[in-house]
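Asks: need a structure here:
(chains A and B)
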Amino acid sequence: MTPLLASLGAATPWLLWLLPLAGLPLLLSVTRRSPVASVAAAPEDPVSSGLRIALTAAGMLAIGGLVLALAGPYRAGERVTRTGIGAQISMLIDRSGSMNETFAGRQPSGAEESKAMASRRILRDFVGERAHDQFAVTAFSTAPMLVVPMTDRHDAVRAAIAAIDRPGLDYTNVARGLGMALSQFGAGAPGVSRALLLVSDGAAVIDPRIQAQLRAEFTKVQPNLYWLFLRTKGSPSIYDKPAGEDTPQAAPERHLDLFFKSLGVPYRAFEAEGADAVAGAVRQIEALERDPIPYTEERPRRNLTGWAYGLAAFGLLLLVLAKLAETDFLRRPVRERDAAAAGPARATPKKAAA
Amino acid sequence: MNVWTELPFARNLRDRRFQALAAALLLAGLAMVAPPLPLTRSGVSVLAVVDITGSMNVRDYTRDGRPASRLDIAKAALRTLLPELPCGSRLALALFTERRPFLLFAPIEVCADFAPLDGAIAGLDWRMAWEGDSRIASGLHRAITMAGELDTDLLFITDGQETPPLPANGIPPFEGMPGAVRGLIVGAGGYSLAPIPKFNDRGRETGFYAESEVQQENRFGPPPADAESREGYNPRNAPFGGAAARGEEHLSSVREPHLKALAAQTGLAYAHLDGPDLRAPLLAAATPRPLPGRLDPRPFLGAAALALVLASFLAGALRARLTPFTPSRTS
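Replies: Residues are numbered from 1 along each chain as shown, chains lettered A, B, ... in the order given. From the prediction side, this is the model:
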């Protein structure tokens, strides 16, 4: 009983201050008054007093019900945690200027699609394919930008993805971006599958000091790491060894890949040289991230206004019937009254007399 | 003999209180089944652009008795604004620094997607800035173009401090059509000059900017009219005079004349940010957009029914005062 009471509420609670009005029928009656010399002259009649109590109750029910209905009563909704299939996916999206070029490294013209446009189209389809996935979006160029925090509102995530083909900024500073994308996971529930999806068309040298920090963060969060490398035609591959010195400065992509491999988290790199390859990679990621995920379902609150109106209508119905059956015995000739008194349904005319 | 035939139905039906109660019953019955009425309300669709340049870190506001930065107050104002917008309104968010806005996300519905929207606004940070410049006029012009592309109105929150300072020939020309995009420029900051905090490359605060650390005068473009009277002036070698510029660019206050000039140039409205209330100026400046709404008729029906019931009870009391009182049996 207590949890039920606790879950009840009203939309406009101050209207409940009108509830004392429901006491009005205790003092007043809707029936006509008839002057009688002495009520005591009439015999004691339990049916009449019963009717009086019933009509008073009906009046209180009508007024109380209407006041209650006006206040908008409801039973509060609740959050239910269920388990579905999905993952927490933190997307880290490169917004550097080169993302606005095509896979061939040119400015898009005509029907050509830039890398940003292709990833926008494919990622937008990816979001919302499974109802219980949670997404966070982080953008990075020179500085990391928190776009949308971890959420299951896929409309918001799609709105964030819709913005990724706008003109990008200067550089590809992946290290700080990774840090922010990792922080998007938050504390979270244990056992949730976490994936960090890095979409970029280049890489950068990660400062050794930051490398150590990132390593510690990755160990703590333990996400599955996917790198969707949008490779421009003619640019070095992740797996190409440079001809000269093999330093991070000479081949940042290769060394970022090596760094990711050394992190000790499940890691896969997808090198895509066209929109189809990107779509294929996203499908693979989707297939890999199939784990149970707890999600909260909002059970909507139940509006009880209809019930309150029902109560009020019931009380009103009784009052209306009583008014319809009302009679004034003093107005009628005496012999008729005697006849009615002798009749079978003696109670009804007595209502008014009560 | 049937008792029903003897009841004075005609008289009962004529009774005002019967009529009132019957009407109340009808209204209450209607309220039980009445569906919400379709209705057109007006909402807004806004692109909010927040200046995250260094001068927005100036702490010249107070919140809960503690100094608060302009950016903090701007964020608080946006977060207060969100739940006050009618459901169905949409908000897009962009950052401003350097000379252009950077769109974080396309318009999002403010009620259903409240949580991510609120989280994104809370996450705004000056550290997201990609460059230190703050060319507000260019940024505003581009933000207007962006709002036009997104088909939204514009809410541009800035303190109006141009870095580098505007050149002598003033605000760059606006190429769009003034008034084609409606919206509001919100000036953040106090009216008196305050020092601008300085941060090191790890993001820690290290003091305030000094006069010599910021550009005090824009020496690109043609020199100002008074240059000839400056000391050390030479038309070829020192067109801006011989001395280093002095000024108050290392201090910051809300640059209202500049922002008002920009508002006039672009056909936007201007409001000063006086703590977290943006709703009224925004709704006044923005284009109302029709939204499907629903009107619940039940409160009206219920209130009318209640009034009728109370009236019929009180009418009894009134009549009792006019007629001799007869005590009824109390048992």
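Asks: Residue A:9: what secondary structure?
Replies: strand (DSSP: H, G, I helix; E, B strand; the rest coil).
Asks: Count the neighbours of it for me.
Replies: Residue A:9 has 14 neighbours, counted by other CB atoms under 10 Å in any protein chain shown. Placement of C-beta: from N, CA and C, glycine included.
Asks: So it is in contact with residue A:76, correct?
Replies: Yes - using CB atoms under 8 Å, residue A:9 is in contact with residue A:76, at 5.6 Å.
Asks: and for those two, which residues touch both?
Replies: residue A:301 (CB atoms under 8 Å, 6 or more residues apart in numbering or on different chains).
Asks: isn't residue B:36 right up against residue B:295?
Replies: Yes - contact criterion CB under 8 Å: residue B:36 and residue B:295 qualify, at 6.3 Å.
Asks: what's the closest non-adjacent residue to whichever residue of the stretch 201-331 of chain B sits closest to chain A?
Replies: Here the stretch 201-331 of chain B gets closest to chain A at one residue, residue B:306, 4.1 Å apart by CB to the nearest CB. Among residues not flanking residue B:306 along the chain, residue A:66 sits closest, at 4.1 Å (CB to CB, 6 or more residues apart in numbering or on different chains).
Asks: Contacts only, for the one you found.
Replies: Here residue A:66 is in contact with A:308-309, A:312, B:28, B:302, B:305-306, B:309 (criterion: CB under 8 Å, 6+ apart).
Asks: again, 6 Å this time
Replies: By CB atoms under 6 Å, 6 or more residues apart in numbering or on different chains, the contact set of residue A:66 is A:312, B:302, B:305-306.
Asks: domains for the chain, by residue range?
Replies: Because you didn't say which chain, this covers chain A. A:2-76+A:302-353, A:81-299 (automatic domain parsing).
Asks: think we crossed wires, I meant chain B
Replies: Annotated domains of chain B cover B:11-36+B:299-321, B:40-214+B:249-292 [automatic domain parsing].
Asks: Relative to chain B, how far out is the nearest residue to residue A:112 once chain neighbours are set aside?
Replies: Ranked by CB to CB, 6+ apart and with sequence neighbours excluded, the top spatial neighbour of residue A:112 is residue A:102, at 5.1 Å. Going from residue A:102 to chain B by CB to the nearest CB, to the nearest Å gives 21 Å.
Asks: Correct me if wrong: residue A:102 contacts residue A:111.
Replies: No - Residue A:102 lies out of contact with residue A:111 (CB atoms under 6 Å); the separation is 10.7 Å.
Asks: So for the two, which residue has more residues nearby?
Replies: When neighbours are counted by other CB under 10 Å, residue A:102 comes out ahead of the other of residue A:102 and residue A:111, with 19 against 5.
Asks: list the contacts for the more buried one?
Replies: Residue A:102 touches A:108, A:112, A:114, counting by CB under 6 Å, 6+ apart.
Asks: need the residues you listed in JSON lines with secondary structure, can you?
Replies: Formatted as JSON lines, these follow (three-state DSSP):
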{"residue": "A:108", "secondary structure": "coil"}
{"residue": "A:112", "secondary structure": "coil"}
{"residue": "A:114", "secondary structure": "strand"}
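Asks: who wins for neighbours among those residues?
Replies: Result: residue A:114 is most packed of the contacts of residue A:102 (other CB under 10 Å), 20 neighbours.
Asks: Please give me every residue in contact with it.
Replies: A:100-102, A:108 are the contacts of residue A:114 under CB under 6 Å, 6+ apart.
Asks: Next: residue A:132.
Replies: By CB under 6 Å, 6+ apart, the neighbours of residue A:132 are A:84, A:86, A:293, A:295.
Asks: try 10 Å
Replies: Contact analysis of residue A:132 by CB atoms under 10 Å, 6 or more residues apart in numbering or on different chains lists A:82-87, A:152, A:292-295, A:297.
Asks: near chain B, from those residues?
Replies: residue A:152 (CB under 10 Å from any CB of the partner chain).
Asks: The residue nearest to residue B:306: helix or strand, and which one exactly?
Replies: Residue A:66 belongs to helix A:46-71 when assigned by DSSP states H and E.
Asks: per-residue confidence averaged over that helix?
Replies: If you average the pLDDT over helix A:46-71, you get 90.
Asks: first vs last residue of stretch A:263-277, how far apart are they?
Replies: Stretch A:263-277 has its terminal residues 26 Å apart, counting by CA to CA, to the nearest Å.
Asks: May I ask which of the contacts of residue A:132 comes out lowest in pLDDT?
Replies: Among the contacts of residue A:132, residue A:297 has the lowest pLDDT, at 69.
Asks: Helix, strand, or coil at residue A:187?
Replies: coil.
Asks: Identify each of the strands in the stretch 101-250 of chain B and give its residue range.
Replies: B:153-158, B:183-187, B:194-195, B:197-199, B:205-208 (DSSP state E, counting those that start in this stretch).
Asks: Who are the contact partners of residue A:142?
Replies: Counted by CB under 10 Å, 6+ apart, residue A:142 has contacts A:95-96, A:169-173, A:176-177, B:98, B:128-131.
Asks: Which of those has the largest number of neighbours?
Replies: Busiest of the contacts of residue A:142 [other CB under 10 Å] is residue A:95, holding 30 neighbours.
Asks: where's that residue relative to residue A:69, distance?
Replies: Going from residue A:95 to residue A:69 by CB to CB, to the nearest Å gives 53 Å.
Asks: With mean pLDDT and mean neighbour count as new columns, can the strands of the stretch 101-250 of chain B be given to me in JSON lines?
Replies: As requested, the strands of the stretch 101-250 of chain B are exported to JSON lines (pLDDT from 0 to 100; neighbours: other CB atoms under 10 Å in any protein chain shown):
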{"stretch": "strand B:153-158", "mean pLDDT": "92", "mean neighbour count": "28"}
{"stretch": "strand B:183-187", "mean pLDDT": "91", "mean neighbour count": "26"}
{"stretch": "strand B:194-195", "mean pLDDT": "89", "mean neighbour count": "17"}
{"stretch": "strand B:197-199", "mean pLDDT": "88", "mean neighbour count": "16"}
{"stretch": "strand B:205-208", "mean pLDDT": "88", "mean neighbour count": "11"}
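Asks: wait, which of these is closest to residue B:262?
Replies: strand B:183-187 (6.4 Å; CB to CB).
Asks: so who does the residue most central in space within chain B touch?
Replies: The centroid of chain B falls nearest to residue B:278 when counting by CA atoms, centre = their mean (3.2 Å). Applying CB under 10 Å, 6+ apart, we find residue B:278 in contact with B:46, B:48, B:74, B:77-78, B:80-81, B:84-85, B:155, B:157, B:184, B:186, B:271.
Asks: could you redo the last one with a cut-off of 6 Å?
Replies: By CB under 6 Å, 6+ apart, the neighbours of residue B:278 are B:77, B:81.
Asks: roughly how far apart are it and residue B:48?
Replies: Per CB to CB, residue B:278 is found 9 Å from residue B:48.
Asks: And residue A:186, by the same measure?
Replies: 25 Å.
Asks: More neighbours: which of these two?
Replies: residue B:48 (30 against 12).
Asks: Pop out the phi and psi values for that one.
Replies: Here is the backbone geometry of residue B:48 (degrees, to the nearest 10): phi -90, psi 120.
Asks: What sits closest to it if chain neighbours are left out?
Replies: residue B:155 is the one closest to residue B:48 (CB to CB, 6+ apart), at 4.5 Å.
Asks: Can you read off the pLDDT for residue A:353?
Replies: At residue A:353, pLDDT is 40.
Asks: same question, residue B:329
Replies: pLDDT, residue B:329: 47.
Asks: what bits of the stretch 1-150 of chain B have low per-residue confidence?
Replies: Low-confidence segments of the stretch 1-150 of chain B (pLDDT under 70): B:1-5.
Asks: and with 90 instead?
Replies: Regions of the stretch 1-150 of chain B meeting the criterion pLDDT under 90 cover residues B:1-19, B:31-44, B:53-57, B:60-65, B:67, B:79-89, B:97-100, B:109-116, B:123, B:125-137.
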